[in-house]
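Novice: how does the following fold in three dimensions:
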Amino acid sequence: MRTGSNDAEEVGRTTAEMRQAIKQVADIIGEIAAASEEQGRGIEQVNRAVGQIDEVTQQNAALVEQAAAAAQLLEEQAMKLNHTVSLLKVEMEQATSSASTSTGQFGSAAPSAI
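Specialist: Residues are numbered from 1 along each chain as shown. Model (predicted):
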């Protein structure tokens with residue numbers, strides 16, 4: 001009888017140990033699930049951040065294109081202005097040349113002081 005009683009006690013202890021081990025496994029699985037959820041939220045945040053970075057990169061690319069177009073336009077305007085100034089210089093030189101030729105024929109262009 002003693003053997004049956006000892007066996008029953010041992011089975012009881014083993015069953016309790018198994019319950020404890022099952023509880024530990026369940027706790028570990030719960031921790032893994034919680035960590036997986038947290039990891040999923042982290043991945044979602046990273047995806048949002050990457051999307052925002054992509055959007056900003058596209059905006060920057062558009063701004064670069066606009067800046068390049070503006071620089072091209074400014075360069076064209078500078079060339080036109082340079083050309084206009086050159087024409088003006090030529091006209092001024094011609095006017096000065098004509099005026100000096102005219103004053104050479106008729107004397108001094110400045111009135112004489114009395």
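Novice: report the mean per-residue pLDDT for stretch 89-109.
Specialist: For stretch 89-109, mean pLDDT is 73.
Novice: err, stretch 33-47, not the other one
Specialist: The average pLDDT for stretch 33-47 rounds to 97.
Novice: chain center to that stretch, what's the gap?
Specialist: The chain centre lies 25 Å from the centre of stretch 33-47; the measure is CA atoms, centre = their mean, to the nearest Å.
Novice: repeat that for stretch 46-66.
Specialist: Here stretch 46-66 is found 5 Å from its chain centre; the criterion is CA atoms, centre = their mean.
Novice: same check, this time on stretch 62-78
Specialist: With CA atoms, centre = their mean, you get 20 Å for stretch 62-78.
Novice: buried sites along that stretch?
Specialist: Residues of stretch 62-78 include none that count as buried (16 or more other CB atoms under 10 Å). Every residue, glycine included, has its C-beta placed from N, CA and C.
Novice: which other residues reach that stretch?
Specialist: Contact with stretch 62-78 is made by no outside residue, as judged by CB atoms under 8 Å, 6 or more residues apart in numbering.
Novice: only C-alpha atoms, please: export that stretch in CSV.
Specialist: Taking Å, rounded to 0.1, in the frame of the first residue of the first chain, the C-alpha atoms of stretch 62-78 are listed here in CSV:
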residue,chain,number,x,y,z
ALA,A,62,10.2,69.2,-57.7
LEU,A,63,11.8,72.2,-56.0
VAL,A,64,15.1,71.4,-57.6
GLU,A,65,13.5,71.3,-61.0
GLN,A,66,11.8,74.6,-60.3
ALA,A,67,15.1,76.1,-59.2
ALA,A,68,16.8,74.9,-62.3
ALA,A,69,14.1,76.3,-64.5
ALA,A,70,14.3,79.7,-62.7
ALA,A,71,18.1,79.7,-63.1
GLN,A,72,17.7,79.0,-66.8
LEU,A,73,15.3,81.9,-67.1
LEU,A,74,17.5,84.2,-65.2
GLU,A,75,20.5,83.2,-67.4
GLU,A,76,18.4,84.0,-70.5
GLN,A,77,17.3,87.3,-69.0
ALA,A,78,20.9,88.2,-68.1
